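# Okay, structure incoming, though there's no sequence with it:
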């Protein structure tokens, strides 16, 4: 606190700009404390960061996947990109009481890998080895595997406490339990594990997981299915602009990365053996928005989970609501099809053209079209999707899986 007070006095002498800087630093610090409540003190973390990383160049240790997993449980992962429209699709599975649903399970773990020497605290109070950036994929895969197989005691404490646990009916009680100091972590985990194992169907929704990180898991478990959801990058751009303004300053850079991730995921699926690739279903967000009731039912059929009357009614209600609710991760839309293309009136011609150039290879794989002029961009009667593209990623990998 002394350091903070000294810093504040110095910044006060520097005028309003430095006060803004202080505010930004304070927000970042408090967010860090909220995200990693069980981390060591700042001095300890600083000391660890300066330590020579023993075995930093060691080869990654194997997770130890079983050859073939047949445990009688049906599992699925909804994989996409931030502001890619997955919150709505994920919510249709979260509303199903027969499905153990987890929202963004690897969120805190991804941020931990940004600090190479950040240890992971186990449920029993011990610590795992620090997360090395070059081992990040293996660490994330282990986390996903633990959720899919209800090995909750193998999940680090920070992941169990992260804020997205509030987004699902079965994970919220765990979040509440571990946040109450009088509760023992072991008891919270035991209850959560019992809930997980009682459900025959398990479903994870994520925008931070990439296909290559779970290739082994997908290959070794014939009951695991992946819904790979893709949205027009221009639509993602507008959604992100409205959600967090800081994206506007670096939008072109951001979409170089977004489309690179899309392309890598597509190519990862294309390289899978045919018998494995058939358990991956590419889906366009725009198609779901245009026909939400039929598409959600088809997605349920693909992952082989029960599509209940309650879920059917939920889909109908949220996609034909009286008005939009666009706060945070809300899924309520008065007209979901109209919402899917509203970006065409909001995006600047300059940004649209830049994204067209950056994401050209993704467009060719999926079937999105460049806007040849601003007039074309604003004209909703002119489609920016090619419905007749032959051999596209979406067409090739989903034929015979979702009826037209």
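Nice, thanks for sending it over. Bear in mind that the values here come from a model prediction, so they are computed numbers and not experimental data.

# next helix or strand past the worst-scoring helix or strand of the chain on mean pLDDT?
Using mean pLDDT, DSSP states H and E, helix 42-50 stands out as the lowest-scoring helix or strand of the chain, at a mean of 29. Once helix 42-50 ends, the next helix or strand along the chain (criterion: DSSP states H and E) is strand 74-79.

# What is that following strand packed up against?
helix 86-94, strand 201-206, strand 224-230 (3 or more C-beta pairs under 8 Å, 6 or more residues apart in numbering; DSSP states H and E). C-beta: built from backbone N, CA, C; applies to glycine.

# Relative to residue 100, which of the ones you listed is closest?
strand 201-206 (4.6 Å; C-beta to C-beta).

# and the closest one, what other elements does it pack with?
Using 3+ C-beta pairs under 8 Å, 6+ apart, strand 201-206 is in contact with strand 74-79, helix 86-94, strand 99-103, helix 136-148.

# Domain map for this structure?
When the chain is parsed with automatic domain parsing, its domains come out as 75-98+201-404, 100-199.

# so can I have a markdown table of these showing mean pLDDT and mean neighbour count?
As requested, the domains of the chain are exported to a markdown table (pLDDT from 0 to 100; neighbours: other C-beta atoms under 10 Å):
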| stretch | mean pLDDT | mean neighbour count |
| --- | --- | --- |
| domain 75-98+201-404 | 86 | 18 |
| domain 100-199 | 84 | 18 |
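
# that older thread, can you lay out the helices and strands packed on strand 74-79 as JSON lines showing distance to residue 355?
Putting these into JSON lines (distance: least, C-beta to C-beta, whole Å) gives the following:
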{"stretch": "helix 86-94", "distance to residue 355": "20"}
{"stretch": "strand 201-206", "distance to residue 355": "23"}
{"stretch": "strand 224-230", "distance to residue 355": "14"}
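
# Of those, give the one that comes closest to residue 217.
Nearest of the helices and strands packed on strand 74-79 to residue 217, taken as C-beta to C-beta: strand 224-230 at 6.5 Å.

# That closest one versus helix 136-148: what angle between them?
If you take axes from the mean of the first three to the mean of the last three C-alpha atoms, to 10 degrees, strand 224-230 sits at 120 degrees to helix 136-148.

# Identify the residues contacting strand 224-230?
For strand 224-230, contacts defined as C-beta atoms under 8 Å, 6 or more residues apart in numbering pick out 74-81, 84-86, 89, 148, 211, 214, 217-218, 262, 265, 269, 279-285, 288, 299, 302-304, 366, 394.

# just stretch 368-387 next, same as before
Identification of contacts with stretch 368-387 by C-beta under 8 Å, 6+ apart yields 232-233, 284, 286, 341, 344-345, 347, 349, 352-353, 356, 359-360, 362-363, 367, 392.

# Could you tell me the end-to-end distance of it?
Start and end residues of stretch 368-387 are separated by 9 Å (C-alpha to C-alpha, to the nearest Å).

# what's near enough to touch residue 125?
With contact set as C-beta under 8 Å, 6+ apart, residue 125 has no partners.
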